[in-house]
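Participant: for reference, the sequence and a predicted model appear below.
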Amino acid sequence: MPEPVTSGCVLGFDYGLKRIGVAVGQVITGTTSPLPVVKNKPALLWQKIHKLIDEWDPQAVIVGLPLSLDGAETPMSRQSRKFAQRIHGRSGLTVHLQDERLSSKAAESRFAQLRAAGVKRRKHGADTDSIAAQVLLEDWLSRVNTTPGD
């Protein structure tokens, strides 16, 4: 069982075949912020992820686990698990998987609200991936902050 995270920051990743959404969160305050997406191009992917880890010095990493609505594994679930294992293998950090079944819809809704408020434009559409990472990180932090013993 992974070590509980009680302080510091965590990085959240919403894995995708083209782009990986990224967010950072503070465990004690439960606050999160989206970060720029990382293009999923093998030549630079791990260099950029290591740079994020060096910059933020997270206590753990949270990777979204896309499951079907009934909770079954999908081909993307396996890809996300593989990505999580690679992060752990390359960094030694504890990696937690977070069910992200509804995070993409929540992210699209949040992005639409930001567009309506004039904060975001259509050209910022890739930001939806990082907003999805932010949503899954918020879900994980709320669970950690309300689970006894964590």
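Facilitator: Alright, I've got the coordinates.

Participant: helix or strand right after the helix or strand bottoming out on mean pLDDT in the chain?
Facilitator: Every helix and strand in the chain was compared by mean pLDDT, DSSP states H and E; the lowest is helix 103-116, with a mean of 59. Next in sequence after helix 103-116, counting helices and strands by DSSP states H and E, comes helix 127-146.

Participant: so which elements touch that following helix?
Facilitator: Counting contacts by 3 or more C-beta pairs under 8 Å, 6 or more residues apart in numbering; DSSP states H and E, helix 127-146 packs against strand 9-14, strand 19-26, strand 32-39, strand 60-65, strand 94-99, helix 103-116. The C-beta positions use only the backbone N, C-alpha and C, and glycine is treated the same way.

Participant: make CSV out of those and add distance to Gln47.
Facilitator: As requested, the helices and strands packed on helix 127-146 are exported to CSV (distance: least, C-beta to C-beta, whole Å):
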stretch, distance to Gln47
strand 9-14, 15
strand 19-26, 13
strand 32-39, 10
strand 60-65, 16
strand 94-99, 19
helix 103-116, 26
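
Participant: highest average neighbour count across those?
Facilitator: Of these, the one with the most neighbours on average (mean count of other C-beta atoms under 10 Å) is strand 9-14, at a mean of 27.

Participant: now that strand: how far from the chain's centre is it?
Facilitator: Taking C-alpha atoms, centre = their mean, to the nearest Å, one finds strand 9-14 lying 4 Å from the centre of the chain it belongs to.
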